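Participant: Just to be clear, the model below is a prediction. Sequence and coordinates:
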Amino acid sequence: MTGPEGAPTTVDTSRPHPARVYDWWLGGKDNYPVDEELARRILASDATAVRGARANRRFMHRAVRTAAEAGVRQFLDIGTGIPTEPNLHQVAQEVAPDSKVVYADNDPIVLRHAQALLHSTPEGATTYVHADVRDPDTILRLAAETLDFAEPVALSLVALTHYLSAEPDGDDVYGLLKRYVGELAPGSYVILSQVTPDLSPEAIGKAAEHFRRSGTPFYPRSLPEFARFFDGLDLLGPGVIPVTGWRPEPVDVEAQTEGIVPVYAGVARKA
C-alpha cells in the first residue's frame, strides 16, 4: 500500500463523499449520515440512481473479464471506491490468476478498507495507491512499482469522469485521460463509464444540482462528449452505448426491463 506522504488520511464526516454515496446505493455500510442524506435526496429526484450504481458495477465486471480473456494481465483502477465483492482483482484473477492489479483512490475511508483489496492470488499481485486522479504523475509512478507499462495494461475509470470538469484551467479531464493513455503500451485497454443527461435530462439535472449543493462538482456528458474520451483508440463492439447494453449478460437484460440507466459505457483498445 503506497501513496504520497501528504495524502489526507482523516475522514471528513461533515460533508458527503461520492464514494460513500455510491456505497450507500450499493447497499454498503461504509458511509455516514451525511452520505445517506445526499444519496436519498438524489434518489428522490432520480429513481435510476441505485440501478445505475449496480449497472456500473456489473459493467466493470464484464469489461475486466473481456480484457483478461483477451490476454491482459495488468490492471490500473482509478477511483476504486469502497471495496464491494467481487472486486476488480477477483474478477481478473478468476480469469488469470497471475494478474497484477493496482487500485488508486483519494478517499481516506477507502484507504482504511484497502486491506480488503490486497488479498491477491499467490501468482498475482494487488496494491493500493492513495492518491487523486488529478495527480497522474504520482499514480503512474507508484503504479509502476507493480505494473510494467511496457506491457499492456487495462486502465479503468468507472463512474469517475463525471466528477471532473473539462476546462483546461480546471480538472482538464480530457487532458488527464490523454496523459494516462499516453503511458499505456499498445494492446492496452481503456474502460470508462459516465453519467449522461441524454436519456433522462430532468432527473439528471436535479441529481447534478444536489451534488453541487453538497460541494461535489458533477458534470453529466452527452454522447459526443463521452465518445471524445476514446479519440485515437479502437472501440470494441458494441461501441459507446448505455451501460446495461454493453455485452449484456442475463442479469443486465433483465435490468433493462426496470427502465433506463442514464449512463454511457465503452471499452477501447490502444493500437
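Facilitator: Thanks, I have it. These figures come from a predicted structure and were not determined experimentally.

Participant: switch to C-alpha atoms for all contacts and neighbour counts from now on
Facilitator: Will do.

Participant: Helices of this structure, residue ranges please.
Facilitator: Per DSSP state H, the chain carries helices over the ranges 18-25, 33-45, 49-69, 88-95, 108-112, 136-143, 173-182, 201-213, 223-227, 250-256.

Participant: And for the nearest residue in space to residue 69 that is not next to it in sequence, the neighbour number?
Facilitator: Spatial nearest neighbour of residue 69, excluding adjacent residues (C-alpha to C-alpha, 6 or more residues apart in numbering): residue 95 at 6.7 Å. By other C-alpha atoms under 10 Å, 18 other residues sit near residue 95.

Participant: measure residue 95 to residue 188 for me?
Facilitator: Going from residue 95 to residue 188 by C-alpha to C-alpha, to the nearest Å gives 17 Å.

Participant: Tabulate the helices of the chain (a markdown table), appending distance to residue 101.
Facilitator: Listed next are the helices of the chain as a markdown table, based on distance: least, C-alpha to C-alpha, whole Å:
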| stretch | distance to residue 101 |
| --- | --- |
| helix 18-25 | 20 |
| helix 33-45 | 28 |
| helix 49-69 | 11 |
| helix 88-95 | 6 |
| helix 108-112 | 16 |
| helix 136-143 | 9 |
| helix 173-182 | 16 |
| helix 201-213 | 30 |
| helix 223-227 | 25 |
| helix 250-256 | 26 |
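
Participant: separation between the residue lying closest to residue 32 once chain neighbours are set aside and residue 111?
Facilitator: Leaving out its chain neighbours, the residue that sits closest to residue 32 by C-alpha to C-alpha, 6+ apart is residue 13, at 6.7 Å. According to C-alpha to C-alpha, residue 13 and residue 111 sit 15 Å apart.

Participant: Show me which of those two is the more surrounded one.
Facilitator: residue 111 (26 against 12).

Participant: Any idea how many residues pack against the closest residue to that one other than its chain neighbours?
Facilitator: Closest residue to residue 111 apart from its sequence neighbours, by C-alpha to C-alpha, 6+ apart: residue 130 at 6.6 Å. Number of residues near residue 130 (other C-alpha under 10 Å) recorded here: 26.

Participant: isn't residue 130 right next to residue 102, touching?
Facilitator: No. Counting by C-alpha atoms under 8 Å, residue 130 stays clear of residue 102, with 10.6 Å between them.

Participant: Now do residue 62 against residue 37, distance only.
Facilitator: From residue 62 to residue 37 the distance is 31 Å (C-alpha to C-alpha).

Participant: just residue 180 next, same as before
Facilitator: When residue 180 is compared with residue 37 (using C-alpha to C-alpha), they lie 34 Å apart.

Participant: which residue is nearest the centroid of the protein?
Facilitator: Computing the C-alpha centroid of the chain and ranking residues by C-alpha atoms, centre = their mean puts residue 158 first, at 2.2 Å.

Participant: contact partners of stretch 49-63?
Facilitator: If you take C-alpha atoms under 8 Å, 6 or more residues apart in numbering as the criterion, stretch 49-63 is touched by 22, 25-26, 42-43, 88, 91, 158-159, 191, 193, 243-244, 246-247, 252, 255, 261-263, 265, 267.

Participant: For this structure, give me the ranges with low pLDDT.
Facilitator: 1-9 (pLDDT under 70).

Participant: if we go to 80?
Facilitator: Along the chain, segments meeting pLDDT under 80 span 1-12, 113-118.

Participant: thought the residue nearest to residue 69 was touching residue 66?
Facilitator: No. Contact criterion C-alpha under 8 Å: residue 95 and residue 66 do not qualify, at 9.5 Å.
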